[in-house]
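# Sequence unavailable; structure follows:
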């Protein structure tokens, strides 16, 4: 069916989506959504207010109807024109590699270097230290020796415990 075959009465009775199908068949190429809508509105002799209310419904019908598909960039065509392999290739954009921007190197302000004193002058001798008594350390070592057990003493205690249990049986 062609637009030339349609009468004014049949165009008025047809749905906008059906008229769009006929327009695309006659053009035999994908069309921009606005251009397609304008052609349909012109054929149906829609007023500006009818266009404003009808454009959203027309877009919804294009999306829902299985005969149409978008080719990206708001271009619409008939789905039967495109093989399945081409549909995937046309719709799926090739991912672009993002280039990383080089980080700008910021130079930190350099603080002026102060002259330091010689380290030999600041060395503290052992005599200068206070609050530490060598005698206290020696007495702590003696106290710790009292708590040291010999391994022999421990073994004797363990053996005595086992001997008692064996005698009771």
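That came in fine, so what should we check first? Treat the numbers as computed from the prediction; the structure is a model and nothing was measured.

# In the protein, mark out all the strands, start to finish.
For the chain, the strands defined by DSSP state E occupy 31-32, 68-70, 75-78.

# could I get these as TSV with mean neighbour count?
All C-beta atoms are positioned from the backbone trio N, CA, C, and that covers glycine. As requested, the strands of the chain are arranged in TSV below (neighbours: other Cβ atoms under 10 Å):
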stretch	mean neighbour count
strand 31-32	16
strand 68-70	18
strand 75-78	18
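
# need these in CSV with mean pLDDT and distance to residue 2, can you?
Converted to CSV, these look like this (pLDDT from 0 to 100; distance: least, Cβ to Cβ, whole Å):
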stretch, mean pLDDT, distance to residue 2
strand 31-32, 92, 16
strand 68-70, 87, 19
strand 75-78, 89, 15
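
# so which of those comes closest to residue 60?
For the strands of the chain, the distance to residue 60 is smallest for strand 68-70, at 11.5 Å, taking Cβ to Cβ.

# ok, that closest one: who's next to it in the sheet?
Neighbouring strands of strand 68-70 in its sheet, by DSSP bridges, are strand 75-78 (antiparallel).

# Show residues contacting the partner strand.
Contacts with strand 75-78, where a contact means Cβ atoms under 8 Å, 6 or more residues apart in numbering, come from 20-21, 24-25, 29-33, 36, 62, 67-71.

# Could you export the strands of the chain to JSON lines, including columns for distance to residue 10?
Converted to JSON lines, the strands of the chain look like this (distance: least, Cβ to Cβ, whole Å):
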{"stretch": "strand 31-32", "distance to residue 10": "22"}
{"stretch": "strand 68-70", "distance to residue 10": "21"}
{"stretch": "strand 75-78", "distance to residue 10": "21"}
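
# Just tell me which of those ends up closest to residue 5.
Minimum separation from residue 5 across the strands of the chain (Cβ to Cβ) falls at strand 75-78, 18.2 Å.

# This structure: helices as residue ranges?
Under the criterion DSSP state H, the chain carries helices at the ranges 8-13, 16-27, 33-44, 48-64, 84-91, 134-146, 151-168.

# Residue 15 is nearest to which of the strands of the chain?
Taking Cβ to Cβ as the criterion, strand 68-70 is the member of those that comes nearest to residue 15, at 13.0 Å.

# Name the surrounding residues that touch that closest one.
If you take Cβ under 8 Å, 6+ apart as the criterion, strand 68-70 is touched by 20, 21, 24, 62, 76, 77, 78, 79, 82, 87, 91.

# who wins for neighbours among the residues you listed?
Sorting those by how many neighbours each has (other Cβ atoms under 10 Å) puts residue 20 first, at 26 neighbours.
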